[in-house]
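K.L.:
have a look; sequence and predicted model below, questions after that.
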Amino acid sequence: MTMAVDWHLARALLEWQVELGVTDAILAEPVDRFARVEAASVPVVARQVAVAAVPEGPDPVAEAVRIAAAARDLPALAEALEAYPYCDLRRGARSCVFADGNPRARVMIVGEGPGADEDRLGKPFVGRAGQLLDLMFAAIGLDRASPDAENALYITNTVPWRPPANREPTRDELEMLKPFLLRHIALADPDLLVIVGNVACDALLGRRGILKLRGTWTEAAGRPAMPMMHPAYLLRNPAAKREAWADLLALKARLKGGG
Ligand code: URA
């Protein structure tokens, strides 16, 4: 049976969902939970047979390695990432947020993933946290809009699609998107990396604990890297800006040949 939904009914249904507390459309298609209940009531033996019958698809990580390695430049990588079919995050996002800024910049920033504003506008770090990020780096003379590589910034994220309801990316998602991130860094070839927040540290350093990691130079993707606190954390904890300022000064000193 198909139900004709007129504009007023559709609006009333939407308002009802908002009233119930729905904030995000998490999946592109509706889930038939009645069908799930029926499937769950099938005896275990029958379900095992059904699972075994599903043919194995390609390994998403191996595919990501192959596809990313084949990209010869940044536009080709952006195109390949947008077309990569194995990460479900793409199904709930409007944009594949690849990067912003000057790809010839000496400094490349790696954040976590797009939020609602980034998803809407298709650029990384354009919401409140992004505005703070811009102010922080402007304080040491770096600007994503600068055409001069010396003063420029190049900005990307660990995952290019907004996770539903801003949850953290899962381990599987991080694993399958990491080959793209590493290729992105290799093609942009910055002198220094700034790794912003725990998720980016997890992907590039295999470690979390940003409050301990921050402020100490390390190595990631074959180049010097500075872990820093995420600007969203600094918005919630303004007292931590003091340490963030020390990290920015360390970055500036390193760019000038010291540090
Ligand atoms: N937070 C991130 O880590 N990246 C963005 O692009 C926006 C917010």
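P.N.:
Yep, that arrived.

K.L.:
buried ones in the helix or strand hosting R91, by neighbour count?
P.N.:
Here R91, judged by DSSP states H and E, is contained in helix 89-92. Within helix 89-92, the residues that qualify as buried are L89, R90, G92, counting by 16 or more other Cβ atoms under 10 Å. Any C-beta I mention is one placed from the backbone N, CA and C, and that applies to glycine too.

K.L.:
next: stretch 94-111.
P.N.:
For stretch 94-111, using 16+ other Cβ under 10 Å, the buried residues are 95-103, 105-111.

K.L.:
any idea of the mean pLDDT for it?
P.N.:
Mean per-residue pLDDT for stretch 94-111: 98.

K.L.:
put the alpha carbons of it into PDB.
P.N.:
Below are the C-alpha coordinates for stretch 94-111, written out as PDB (Å, rounded to 0.1, in the frame of the first residue of the first chain):
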ATOM      1  CA  ARG A  94      25.700  15.700   2.600                       C
ATOM      2  CA  SER A  95      29.300  16.500   1.700                       C
ATOM      3  CA  CYS A  96      32.600  14.700   1.300                       C
ATOM      4  CA  VAL A  97      34.700  17.300   3.100                       C
ATOM      5  CA  PHE A  98      38.200  16.900   1.600                       C
ATOM      6  CA  ALA A  99      40.300  19.900   2.600                       C
ATOM      7  CA  ASP A 100      40.600  23.700   2.700                       C
ATOM      8  CA  GLY A 101      43.400  26.200   2.500                       C
ATOM      9  CA  ASN A 102      46.600  26.200   0.500                       C
ATOM     10  CA  PRO A 103      47.900  22.700  -0.400                       C
ATOM     11  CA  ARG A 104      51.400  24.200  -0.700                       C
ATOM     12  CA  ALA A 105      51.400  25.300   3.000                       C
ATOM     13  CA  ARG A 106      54.300  24.300   5.200                       C
ATOM     14  CA  VAL A 107      51.800  23.400   7.900                       C
ATOM     15  CA  MET A 108      49.000  20.800   7.500                       C
ATOM     16  CA  ILE A 109      46.300  20.500  10.200                       C
ATOM     17  CA  VAL A 110      44.500  17.200  10.600                       C
ATOM     18  CA  GLY A 111      41.300  17.400  12.600                       C
END
